[in-house]
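Participant: sequence unavailable; structure follows:
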């Protein structure tokens, strides 16, 4: 079965602290992994995808196939990072449909 | 350019009524997806269109739910005989075609009373 698990519903950190949002997946094959973000009163938007291996807004995520994880990290959190973060996977030859985790709300306090 | 648009933004309906939700994808995007965002369920895939055909309807929760897409553009999600558990935000997304970077609309908040 395909599944994405984000164990933390809420993660609260202080500005300048490191942040890691956890994501584990279950998929029999090689999925494509994504992080989507939803800022307050804004649309859901793509933050980054594992195949591009780039850093967006200081965030990075590395696909660990052995641990089936795709954790999102940022060394120094900013208040504007406060948002809802969703990890998602897309399976091979499935038309691009996304299977989402439950989401983690990140709150960065001043 | 214009992003994905959805209408209405909010819909309140009585249990048992039918509702239609509309999605206008980004021009030229061949793939269109419907998702549902509800408390406790997170974001769930409903249906995927490639052009006008729907090769994957696996996420539709019951036969009360149907969707169509005409002209490879606008899509309508119809829920018949609405139930209270249908209350959710219905999101539409479009992409140039898999593999996806999906662009999401603002959603339609459906409340069934």
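Facilitator: Great, that's in hand. Please read all numbers here as calculations on a predicted model, not as lab measurements.
Participant: pLDDT of stretch A:102-110, averaged?
Facilitator: Taken as a whole, stretch A:102-110 has a mean pLDDT of 96.
Participant: contacts only, for residue A:32.
Facilitator: A:49-51, A:89-91, B:99 (C-beta atoms under 8 Å, 6 or more residues apart in numbering or on different chains). Where C-beta positions appear, they are placed from N, C-alpha and C, glycine not excepted.
Participant: could you point out which of the residues you listed is nearest to residue B:23?
Facilitator: Using C-beta to C-beta, residue A:90 comes nearest to residue B:23 of the contacts of residue A:32, at 19.7 Å.
Participant: how much space between that closest one and residue A:97?
Facilitator: Using C-beta to C-beta, to the nearest Å, residue A:90 is found at 7 Å from residue A:97.
Participant: anything in the lowest-mean-pLDDT helix or strand in chain B near chain A?
Facilitator: Using mean pLDDT, DSSP states H and E, the weakest-scoring helix or strand in chain B turns out to be strand B:53-56, at a mean of 88. Yes - interface with chain A: strand B:53-56 contributes B:55-56 (C-beta under 8 Å from any C-beta of the partner chain).
Participant: how about that strand: buried residues?
Facilitator: Buried residues in strand B:53-56, counted by 16 or more other C-beta atoms under 10 Å in any protein chain shown: B:54, B:56.
Participant: still on that earlier bit, helices - which of the contacts of residue A:32 land there?
Facilitator: Using DSSP state H, no member of those sits in helices.
Participant: buried subset of the residues you listed?
Facilitator: Here, 16+ other C-beta under 10 Å leaves A:49, A:89-91, B:99 buried among these.
Participant: tabulate those residues (a markdown table), appending pLDDT.
Facilitator: Formatted as a markdown table, these follow (pLDDT from 0 to 100):
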| residue | pLDDT |
| --- | --- |
| A:49 | 90 |
| A:89 | 93 |
| A:90 | 91 |
| A:91 | 85 |
| B:99 | 64 |
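Participant: what is the burial count for the residue lying closest to residue A:76 once chain neighbours are set aside?
Facilitator: Distance criterion C-beta to C-beta, 6 or more residues apart in numbering or on different chains; nearest residue to residue A:76, sequence neighbours excluded, is residue A:16 at 5.3 Å. Look at residue A:16: counted by other C-beta atoms under 10 Å in any protein chain shown, it has 12 neighbours.
Participant: so residue A:16 touches residue A:75, yeah?
Facilitator: No - using C-beta atoms under 8 Å, residue A:16 makes no contact with residue A:75, being 9.4 Å away.
Participant: measure the residue nearest to residue A:76 to chain B for me?
Facilitator: Going from residue A:16 to chain B by C-beta to the nearest C-beta, to the nearest Å gives 30 Å.
Participant: show me what residue 24 is bridged to.
Facilitator: Just so you know, I chose chain A. residue A:5, residue A:69 (DSSP bridges).
Participant: meant chain B actually
Facilitator: Note on residue B:24: beta-bridge partners by DSSP bridges are residue B:5.
Participant: residues contacting it?
Facilitator: Residue B:24 is in contact with B:4-7, B:73-74, B:105, counting by C-beta under 8 Å, 6+ apart.
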